[in-house]
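> Have a look; sequence and predicted model below, questions after that.
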Amino acid sequence: MDDGGTQALMTTFYDNLRQGQGKGNALRQAQIALITEDRQVLEANQRGFTQEFRGPLPNLPNTYSHPYYWSSFILSGNSL
């Protein structure tokens with residue numbers, strides 16, 4: 001898995017949860033944001049990496065729309 005794609009997806013997922021979305025919808029909306037190349041999500045991810053790393057930034061892709069970045073995440077358990 002790609003760290004940048006995971007960070008973008010999970011940051012958006014938890015932002016959606018904080019806004020009161022259910023878990024299933026929060027994940028779905030996060031995946032859609034990556035698929036549709038939502039600039040707000042990608043730019044927030046770039047800012048997150050800038051704050052996290054003290055050295056040169058890793059080479060982050062301009063898009064995370066490919067299923068490689070978002071398709072492996074699923075919800076499981078009884079409290080969906």
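Arrived safely.
> doesn't Ala33 make contact with Thr12?
Yes. Counting by C-beta atoms under 8 Å, Ala33 is a contact partner of Thr12 at 5.2 Å. Any C-beta I mention is one placed from the backbone N, CA and C, and that applies to glycine too.
> and for those two, which residues touch both?
Val41 (C-beta atoms under 8 Å, 6 or more residues apart in numbering).
> can I get the CA coordinates of the helix or strand that Tyr14 is a member of in PDB?
Tyr14 belongs to helix 3-18 when elements are defined using DSSP states H and E. Taking C-alpha atoms only, helix 3-18 is exported to PDB below (Å, rounded to 0.1, in the frame of the first residue of the first chain):
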ATOM      1  CA  ASP A   3       1.400   5.800   2.500                       C
ATOM      2  CA  GLY A   4       0.200   8.900   0.800                       C
ATOM      3  CA  GLY A   5      -2.900   7.300  -0.500                       C
ATOM      4  CA  THR A   6      -3.600   5.800   2.900                       C
ATOM      5  CA  GLN A   7      -3.100   9.100   4.600                       C
ATOM      6  CA  ALA A   8      -5.500  10.900   2.200                       C
ATOM      7  CA  LEU A   9      -8.200   8.200   2.500                       C
ATOM      8  CA  MET A  10      -8.000   7.900   6.300                       C
ATOM      9  CA  THR A  11      -7.800  11.700   6.900                       C
ATOM     10  CA  THR A  12     -10.900  12.100   4.800                       C
ATOM     11  CA  PHE A  13     -12.600   9.200   6.400                       C
ATOM     12  CA  TYR A  14     -12.100  10.500  10.000                       C
ATOM     13  CA  ASP A  15     -13.100  14.000   8.900                       C
ATOM     14  CA  ASN A  16     -16.300  12.600   7.600                       C
ATOM     15  CA  LEU A  17     -16.900  10.700  10.900                       C
ATOM     16  CA  ARG A  18     -16.400  13.900  12.800                       C
END
